[in-house]
Every structure is written in structure tokens, then in C-alpha cells.
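Visitor: no sequence on hand, only this structure:
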DNA sequence: CGACTTTTTGATCCGATTCAATACGCGTGG
DNA sequence: CCACGCGTATTGAATCGGATCAAAAAGTCG
């Protein structure tokens, strides 16, 4: 377990400083781990070559081997229907973990493709799992990340279920903004690494609608767009669009709150 | 940790046979656990009084203490917006685990209310977590359940994002059908414990639309409805409604699959 | 039985899709 | 360097699905 994958795994001495020096180390898995524990986590991580744009990290249906922590760049996950159309299921940014949805079936329910040049850490799941048994804080962190993904999905559900096109795009922009700013990037200007088509698929809208929305948001001085580069001119106004969302479009349910 | 909650926990001798005799025991958490391990899991579980219809298991915002395994009945989870309207986030059936989304924030992001008389097991999370560290198969099972929830949400996302009203209702019916049949109930006829309003909220539709759909499905001989009781007359036809879903409404994305 | 809630049915309206066409961006090769 | 072609993005006009408004019908429960 040392010699046979020397070509893929960096040697231990090199690894030693990797996670600790990684700008993500407090955002990524190791949160709460220290010294020795961190070393042990690092020891199981493979650092592969960066993916170039449009390269695939894993395919839908692939056996589940590892989860992927993004260090730089971004990835989209999508599943392909019988007819060949892609349904985007998520965008993943630096510091985020891709592939956790594969645990239940032991195979990936979606494919993951790089939206730009993307470097990542590959974490063999079986080892992560056994290490988690030994390190309660790691186990907790893992459960927490998964739980967060559930919450995130639930929010998105709400979003797609009953929000207008405006609210959907606003939500996406805010989500990207807050996730990027958590990682130390600007909260108000960034590049959209995904295409309009990807955004449309993700938000459950037609491409034309997305395009019109960008235009209109700009007219309303909410944002400034130049191709893939966007600036959020008024975070507050954008937030208020989303906040006002659930305000009566769908009548209240069973108001008999016991 | 024995005396102080004697009132809530049944005594050990009574517990002893509970999970093992429970019809859910292979569907619920203990999957893969045996003998001694199962005893240890059972020992941490509280069996509370059944909830009556409209009673609450936990409120949105409550500190996260436990997850809830449904033994009989059903529960809906929902979050309430500022304006007081309920957004249904899920329906939970026997054998399913409610509350896992609370891990990340350490508080419940939604409330859980009984849709009918519902009995359940309350599993203190901190103990479940520490027990998981000791029992790798339990840890795996837990991760698996969470992963499944992520996958489920992702599917639903797809559903709400871009499916027609027909497809949404068909999906819900099929989901209920397969989940119920997994638990040994009929796959083709069952009672909807939730109101049309709940269904509408969950599916992101107006109540009127849901009502019309039931009517139309019946006209098309897909189902037979009598109030809350439904019979699925042709599972195949209903399935085909959903299968044909992604067939071109939204154009394919970035077809350059590297 | 009568008040109230839930469900159904009907008519109208609006947002988002669809269809269609044009403009932009970008890499390739002449 | 510019012309060409192809994918991506934008813009316009017409259509349609589902929401909304309104009201009747069917359950539910004290």
C-alpha cells in the first residue's frame, strides 16, 4: 500500500506539509483535527494532476472509490438521461467535497466534469471511513458535511419548487457569492465558470430565460455582467428578492399548528 | 444515565427484544448489526408515546438532540416562512429516519408533524455518534442513509426543477408506492396521510392543480381515487410518464463530453 | 345539525417556454 | 491578419401550462 501507487501518491515527506499549508485546511475536512490526526488524514489523500476544462473526475455509474475535495477551480455534476440530455445537479467550488452522494449505492449517481482547470484531492473513501472510526472529530465533520449537503438540497428544493425565475437566479448568485467569500474570494465580483446552459439546467429554466434575467438584472442595477464576469452591485437588493420569496404565492398549509 | 430518564426510556429488559422483533429491524438503522451490537444500539433508543395527528416531534430551530425512526404512521417536515406559510420539505414513512438534516447546524432546520397517529423511536444523536465510532457497520449504515437522502433530494431537485405538474404527481405516487412496498405494504393501493395542500406545497404546485391532476389521472385510468385512498391502476403507465421526463424540454448542455 | 375546513370545478390571467432569428466569441486555417 | 464556421448568448413574438380568483361541493367535527 505504499509502493504500488507511488506514481499517484506523493511521497509522505512531501505530503507532510500539504494540508497544513493548504489555504483550505480549515474549511476542508480536517476541521477540528490537529497534529497527529491531521497527518493521518493527509496520508490517505492522493493528489492527482489537475483536470483540464471539460475533463471528467468520475462518470455516472462508476464504482464509488473516493470523494474529491476541490482545491482550485470548479466542477459541475450532472446526470445524463437516456436521450443524452444533461441535467446539472450541482456546482462545486474550492474547499467543497464532491461525490458523497455515491455512498448509498456504492456508485456515482452523476458525473463530475471540470468547468475550468481544476486541482483537487482524491480521498479514498474506505480509508476515510475507517479513519473516521478512530477519530471522532473526523467522523463528526464528515456527518456534518453530509448533513449540510442535505440542508442545501432542501433549500434548493424549495427554490426550484416554487420560486420565480428571478428568485432562482438571485439565489444562485447569492449562493456562489457566499461560498466564494467563505473561501477568501470576493463576494461581489467573480467569474461564472459555468455556461448559461449549465445555469439554466441547474435552475430549471430555459437558456433564453436565464439570458433575459441577466439582462434585466443589469437594467435594474442589481448586477453588472460582461460575459462570464459578474459584479453584484447591491447584495442587499438581491437578497431582498429571495427573502420575499415565500410570501403568499402558495397558500399556507394546514395552518392548524397544534 | 439510567435512573434519571427511567420515565421516558423503557427498562432494559423490555427493550431487549424490541428492535429484534421490530418488523423494521432490517430496514432501519441496525442493518448489518448482530447480537451484541444490536443490543447496544437498542440500549440508547427511547421509545416515546405515539404522536397523535398534528402533534409535533420537533420544532424548527429546536436544538438537535435526536433523530427519529418512524415505526408506524407518517410524518411531514416543513419550514415556516416569516409570513407564516408552511413549505413542506418531506414526507417520512415507516422505517425512515427524520432529522438528519439537523446535524450540520446543530438545530432542526424544519419542524416535524405527525400526519396521523405515529409511533417512533427517538435516537439520541450524541450516543448514536459515539456508538458509530465503535461499530464500523453502524457508521457505514448511517453514512449510507445520509447519502441516500442526498440522492433522494437530488432526484427531487430534478423533479421540481424541470418537470411538469403531471410528472411531479406521478413521481410522488411512485415514490410512496416503492417506499411502502419496501416496508411490506401494498405497492398499488394506500392511503395518502397528507392533505392535498401538503402535496401541493411539496410538489411546488397550487392545490387546485393537484386536485385537477387527481381527477385527470383518474379519467386516464392511471389511478382510482376516493378521498385519501388511492389505487395505482397501471404502475407501468405511471412510470412511463416520469421516464419520458427529460426528453428535450430543456436542451442538452455542453454536449462536448470530453 | 350547523360552522368550518378541505377538495373540486370553472374562468381568466400571467410568467416562462418555445420557436425563430440575429449577434457575439473564439479557434482554425487560408 | 482576416474569413469562415461553430458554439454560445441575446433578443423578439407567439403559445401554453399552471397560478390565481371565484364559487360550489364534500368532508369533518363539536
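Guide: Received it, and whenever you're ready, just let me know what you need. Model, not experiment: these values are computed from the prediction. Residues are numbered from 1 along each chain as shown, chains lettered A, B, ... in the order given.

Visitor: partners of the spatially most central residue of chain A in the sheet?
Guide: Against the mean C-alpha coordinate of chain A, by C-alpha atoms, centre = their mean, the closest residue is residue A:92 at 2.5 Å. Using DSSP bridges, the beta-bridge partners of residue A:92 come out as residue A:75.

Visitor: contacts only, for it.
Guide: Neighbour list for residue A:92: A:70, A:74-77, A:98, A:112 [criterion: C-beta atoms under 8 Å, 6 or more residues apart in numbering or on different chains]. Placement of C-beta: from N, CA and C, glycine included.

Visitor: hey, where'd the strands end up in chain A?
Guide: A:46-47, A:56-58, A:66-72, A:75-80, A:86-92, A:97-98, A:111-114, A:119-124, A:189-191, A:223-226, A:229-232 (DSSP state E).

Visitor: save those strands as JSON lines, and put in mean pLDDT and distance to residue A:205 too.
Guide: Below are the strands of chain A laid out as JSON lines (pLDDT from 0 to 100; distance: least, C-beta to C-beta, whole Å):
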{"stretch": "strand A:46-47", "mean pLDDT": "79", "distance to residue A:205": "37"}
{"stretch": "strand A:56-58", "mean pLDDT": "94", "distance to residue A:205": "25"}
{"stretch": "strand A:66-72", "mean pLDDT": "90", "distance to residue A:205": "26"}
{"stretch": "strand A:75-80", "mean pLDDT": "91", "distance to residue A:205": "16"}
{"stretch": "strand A:86-92", "mean pLDDT": "89", "distance to residue A:205": "11"}
{"stretch": "strand A:97-98", "mean pLDDT": "90", "distance to residue A:205": "24"}
{"stretch": "strand A:111-114", "mean pLDDT": "94", "distance to residue A:205": "21"}
{"stretch": "strand A:119-124", "mean pLDDT": "90", "distance to residue A:205": "29"}
{"stretch": "strand A:189-191", "mean pLDDT": "96", "distance to residue A:205": "21"}
{"stretch": "strand A:223-226", "mean pLDDT": "96", "distance to residue A:205": "16"}
{"stretch": "strand A:229-232", "mean pLDDT": "96", "distance to residue A:205": "17"}
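
Visitor: now the ones you listed in CSV, please, with extra columns for distance to DNA strand C.
Guide: Below are those laid out as CSV (distance: least, C-beta to the nearest atom of the strand, whole Å):
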stretch, distance to DNA strand C
strand A:46-47, 28
strand A:56-58, 20
strand A:66-72, 20
strand A:75-80, 17
strand A:86-92, 13
strand A:97-98, 26
strand A:111-114, 16
strand A:119-124, 21
strand A:189-191, 11
strand A:223-226, 8
strand A:229-232, 10
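
Visitor: quick check, pLDDT for residue A:181.
Guide: For residue A:181, the pLDDT comes out at 91.

Visitor: list the contacts of the closest residue to it other than its chain neighbours.
Guide: The spatially closest residue to residue A:181, leaving aside those adjacent along the chain, is residue A:187, at 3.5 Å (C-beta to C-beta, 6 or more residues apart in numbering or on different chains). Residues in contact with residue A:187 (C-beta under 8 Å, 6+ apart) are A:177-178, A:180-181, A:232, A:235.

Visitor: residue A:144: how many residues sit nearby?
Guide: The local packing of residue A:144 (other C-beta atoms under 10 Å in any protein chain shown) involves 16 other residues.

Visitor: whoops, residue A:161 was the one
Guide: With neighbours defined by other C-beta under 10 Å, the count for residue A:161 comes to 23.

Visitor: for it, list the residues it contacts.
Guide: Per C-beta under 8 Å, 6+ apart, neighbours of residue A:161: B:87, B:160, B:202-204.

Visitor: and residue A:56, bridged to which residues?
Guide: Going by DSSP bridges, residue A:56 forms beta bridges with residue A:113.

Visitor: then residue A:88?
Guide: residue A:78.

Visitor: what count of nearby residues applies to it?
Guide: Other residues near residue A:88 come to 27 when the count uses other C-beta under 10 Å.

Visitor: that one against residue A:75, yeah?
Guide: No - counting by C-beta atoms under 8 Å, residue A:88 stays clear of residue A:75, with 11.0 Å between them.
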